[in-house]
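Chemist: predicted coordinates and the sequence they were generated for:
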Amino acid sequence: MSAHLAEASPGRPAETAGLSVRGISKSFGPIRVLEDVSLDIRPGECLAILGENGAGKSTLSSIIAGVLAPSGGTMTWCGEAYAPRSPAEALSAGIGLIHQEMRLLPELSIAENVFVGRLPMSGGRIDRRQMIQRAEAQLKRLGLDVPATTLVGRLRVAAQQQVEIAKALTLEAKLLIFDEPTAALGGDETDRLFEQIDRLKAEGVSSVYISHRLEEIARIADRVAVLRDGRLVAVHDTASVPVRQLVEEMVGRSVDRLFPDLDPPSDRVVLEATGLTSSEGAFQDIDFTVRAGEILGIAGIVGAGRTELVRAIAGVDPLASGRITVAGEPLRLKSPRDAFDAGIVMVPEDRKGQGLLLKQTIEDNIALGNFDLVGRGGWVMPAQTRRFAEGAIASMGVKGRPEQRAGRLSGGNQQKVVIAKWLARAPKLFIMDEPTRGVDVGARAQIYDAIAALARSGMAVVVVSSDLDEVIGLSHRVMVLSRGRNRGIIERRDVSHVAIMERATT
Amino acid sequence: MTTEVTSPRAKRNLLPRIAFGGVAGPLIGLVLLCIAFSFASQYFLSIRNALNVLDQVTVLGILAIGMTMVIIIGGIDLSVGSVLALSMMSMGWLERMAGLPLPLAMVLGVLTGAACGLVSGCLITFARLPAFIATLAIMSVARGLANLLTDGRQIVGYPDWFTNLATVRHLGFFSVTVTVFVVLMIVAGIFLRYRATGRNLFAIGGNPEVARLAGIDVRRYTILTYVVSGALAGVAAVTLAARLDSSQPSAGLGIELDTIAAVVIGGASLVGGVGSIAGTLIGVLIIGVLRNGLNLVGVSPFFQMVVIGAVIALAVTFDTMSRERK
Amino acid sequence: MLRTLKTTAAGLLVAGVAMAGTVRAQAEDMTIGLAVANLQADFFNQIKQSVEKEGKEKGVTVVTVDAGGDSATQVSQIQDLITRNVDALIYIPAGATAASVPVEAAKKAKIPVVAVDRNPPDAPADTFIATDSVAAAKTLGDWVCKQSGGKGKLAEIQGQIGTTPQIDRDKGFSEAMKDCPGIEEVAKQASNQWMQDEGFNIAQAMIQRNPEISIFWGQADALALGAAQAAKVGNLGDVIVVGFDGDVAGLEAVKSGTLAATMTQQTQLMGRLALDSAIKLAKGEEVPAMQLQDATLTTKDNVEPFLKDHP
């Protein structure tokens, strides 16, 4: 089956339902990002599209959803020629897209976001009650239990993503495209999303599911199409294809392993936290230690307080009570500056909103916060900045030049820039919140290697992740949070999906 | 303009990059404008007229230095024109009515400006008002206070040495006020380019949350930036008083918009994070040369407005287009 | 594409500016600079038009600059006119009190200066042309006293405070009021720009405080027109509104009865006189230091000829 890329020959009339894509190409100037892609999406099926960043997945989905116009090729939808000129046209034909980058209006309520552009009306006025009820019903099915009148800007990233999904699910579309919908979700929310996709399937709605996460694809997709460098490599039935083959097709070479070997940590305690309690109620009474050379994973479902905990340790959010010592020295944290003067640095969860200046160059990003290391007496010379950045770029293997704008880099390279920035300070404790969010498989392995190397060099590392495989594969010990409390720390030899989920759901 | 940097060429391209600091676009515009006016008017191309232009842009230029910093951190300062008037009037009032020596009154005038900036900065950081609204409020308050000091009357009768600061060209070149302007430009240019504090302003404008997580005290920097902008409005006030040989409560009406235009023509982005003193200088000169040249050519005042508006739109369009092409 | 656009735009600019230059070159030898305070005000605009018209007839080039009411701008503009080597300068000062800096700069460059409407007190121009505002305002005040039967409540809307015309008009009118004790002044407020919308807002507030106002005295026609409008909106029955300047809108309003009277300044004459004086001064001839002009009391009875042919 895998060899037959196009099931229907061009001469034969297309099936009466479903989407046929024939010979689609797309170029941006001289750069060809899609090359002669032909695919069929059958009614009621979930087709996964797999590929590294830059393989053309998002471009393909944008073309189907009317966001971009193809440079060549045709599409047929429900037996008729289909060439949407705008997302609105695609929507009215019954094709909707859930964007990887969230497109929400932070100053509007959840309900208004879900129904924006098609607010339910009655008697010439907006029917608020109906709007709120329908939005809340949909949110509940996705496992998000907040009033639909909450402003979207107040929600955490994961909840925002769920709103984005709820918006799409209420479109009553016949084909939905999910572009990395779980990038910010925890395991539980992901399961709820899959239940919804199953329900859609049963109703005959087709879906296209774009993801890096192979285990999700195995769970949800009927078939999987692999893209590489803008070309369709293969289409498989999910049930019959080994994961290893998919990965190799995706990266174009064989991958032997994703996670690095870990060296045993030393006995020297770097961070000791006792009785940490959030001033905003996100977590209570949390005790733990991290030793030099150790990687501590923090797992938990969304809303468990993981991000809030590490933000407080990094001096970003205030603590109500509790004691933190670094290498035996007690710490008073009032600002991020206090934290990194004490040797604590953090790579934040929201890379684009909190970690990087997208419009500025790589060298500016790396120098930011490190000016005391770049120059003397407050002077910062461009040549020194350049040398400093070049050193950091080389140490992390960033694919980019110092004068390139950070916004132009791939997710993986952006993450490496953020890590490189803090590496130069030789910190004692390195905190990573969702280090591989939106990063493709190839780059992921490199980031894992880099994290292991940090630990090997004697730093203490804390990794927060929603990806259970990541937490398990990367950590010496895993601390599980649930509803703001520490539900136990699991040693590497005992750790498993089950062990984590048992504690995470108490 | 070519930032096509492949590694062997990178080193060679570094020199023009530093020299022009990414302001090649506006610079080309300025040069074209000068060439055009040289052909159109026999009086344009002379040292004396060049000095006149510098003289004429001094006030705008000093204000634009502060505005550049404010715009780099992603803010806006609508109050500079009114703060200028208030500083000017308090200087005059302190000297004429309160009988302080003029040099002291000059310093206090500058401090008045700084105090206005402090209030704006606190409104923005502590009361969390948008910069647009906070400085709009100060704009109104300062203009009112400037008028209240003398019930709307202007103050005249400064000593000769004071006017001479603006009118006597030492060694045949720079008057004291123009020298102050040039020195401030150089200092600000060095500050924004080579000082860690200056670089931090770009980070705040790029993304305040990223800056905060990088250990920058965003609040303190924001307040200080508005204080500097206010103080520079005070310096501009002293300069203008010397130039007019009087203090007027209606001075600087609408000049905040010229100032913003100059900074944006110079390549700064109103979203924040982008901008340079070199660019601002060019923006200021474009506006100054344009007004001066059109007067020398004898273009009708109504048509002048049309031309100036068109040039602002063109200049910023070219800049945006060349940025996008990169 | 970008390059082409840039080149085209630059070419157009050069061509445009150069064309303006060639038109200029055909005119005669003498060039007179005209620095206007604010062309948005009709009074100044009328003088400007008169100077330019006269210049055309006499074959003299007139270069006009407009300060838009800002004295700093005006200083720069006069600097440019001096650079341009004008033979004489007509200076209508912007700002509250006329700035002396431009006159001094012109004198240093040996360029004679004709001041119109306002004269810098500490550095007077070679000649000063204006209306005798004190006398004119007194004439107007006497007429108001007679017209109202010597009784009523007066509201006064002043011009920009501290300017020569504001001070003079205040002075003349209050002299007339001294002889008219039956009229009580109930409100007095200054405007910033001599503009109609200011007049409207100020008058509306005055009516709010004191609905019994029976006389509005606007120190410019625009201010008086604003007051008349406010009186109409406020349903004030019998109210006498008088203005000053006799600009076109004011005269039309006198004709229609909106304004009871205005003092018509001889703007066309002042413009002609300013240009003639400038030419004489440039040729080195003598001109009197003060050239004050009369203004004519204008009511419905005598407005027609002024509308046809403005003095």
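Modeler: That came through, no problem.
Chemist: SS state for A:Ser20?
Modeler: Put simply, A:Ser20 is strand when judged by DSSP: H, G, I helix; E, B strand; the rest coil.
Chemist: so it touches A:Cys78, yeah?
Modeler: No: using C-beta atoms under 8 Å, A:Ser20 makes no contact with A:Cys78, being 10.0 Å away. C-betas here are computed from N, CA, C, even on glycine.
Chemist: for the one helix or strand C:Gln79 maps to, which outside residues touch it?
Modeler: Here C:Gln79 sits within helix C:71-83, counting by DSSP states H and E. With C-beta atoms under 8 Å, 6 or more residues apart in numbering or on different chains as the test, helix C:71-83 has contacts from B:43, B:46, B:48-49, B:52, B:55-56, B:59, B:240, B:243-244, B:248, B:250-252, B:291-292, B:295-296, C:33, C:35, C:37, C:63, C:65, C:67, C:89, C:91, C:93-95, C:99, C:101-102, C:105-106, C:109, C:111.
Chemist: swap in 7 Å and give it another go.
Modeler: With contacts defined as C-beta atoms under 7 Å, 6 or more residues apart in numbering or on different chains, helix C:71-83 is touched by B:43, B:48-49, B:52, B:56, B:59, B:240, B:243-244, B:248, B:251, B:291-292, B:295-296, C:33, C:35, C:63, C:65, C:67, C:89, C:94-95, C:99, C:101-102, C:105-106, C:109, C:111.
Chemist: how about the residues of the stretch 401-506 of chain A by chain B?
Modeler: For the stretch 401-506 of chain A, the residues in contact with chain B (C-beta under 7 Å from any C-beta of the partner chain) are A:Arg401, A:Glu403.
Chemist: residue of the stretch 401-506 of chain A with the smallest distance to chain B?
Modeler: Nearest residue of the stretch 401-506 of chain A to chain B, counting by C-beta to the nearest C-beta: A:Glu403, 6.5 Å away.
Chemist: what is the neighbour count of that residue?
Modeler: Number of residues near A:Glu403 (other C-beta atoms under 10 Å in any protein chain shown) recorded here: 18.
Chemist: any of the contacts of helix C:71-83 buried? List them.
Modeler: Neighbour counting with 16 or more other C-beta atoms under 10 Å in any protein chain shown marks B:43, B:49, B:52, B:56, B:59, B:240, B:243-244, B:248, B:251, B:291-292, B:295-296, C:33, C:35, C:63, C:65, C:67, C:89, C:94-95, C:99, C:101-102, C:105-106, C:111 as buried within the contacts of helix C:71-83.
Chemist: which members of those occur in helices, if any?
Modeler: Counted as lying in helices by DSSP state H, out of the buried ones among the contacts of helix C:71-83, are B:49, B:52, B:56, B:59, B:240, B:243-244, B:291-292, B:295-296, C:101-102, C:105-106.
Chemist: wait, which of these is closest to chain A?
Modeler: Nearest to chain A among these, with distances taken as C-beta to the nearest C-beta, is B:Val59, at 30.3 Å.
Chemist: now for that closest one: which residues touch it?
Modeler: By C-beta under 7 Å, 6+ apart, B:Val59 lies in contact with B:Ala236, B:Thr239, B:Leu240, C:Ala72.
Chemist: could you redo the last one with a cut-off of 6 Å?
Modeler: Residues in contact with B:Val59 (C-beta atoms under 6 Å, 6 or more residues apart in numbering or on different chains) are B:Ala236, B:Thr239, B:Leu240.
Chemist: so what's the residue lying closest to the last one once chain neighbours are set aside scoring on pLDDT?
Modeler: It refers to B:Leu240. Closest residue to B:Leu240 apart from its sequence neighbours, by C-beta to C-beta, 6 or more residues apart in numbering or on different chains: B:Val59 at 4.9 Å. Listed pLDDT for B:Val59 reads 95.
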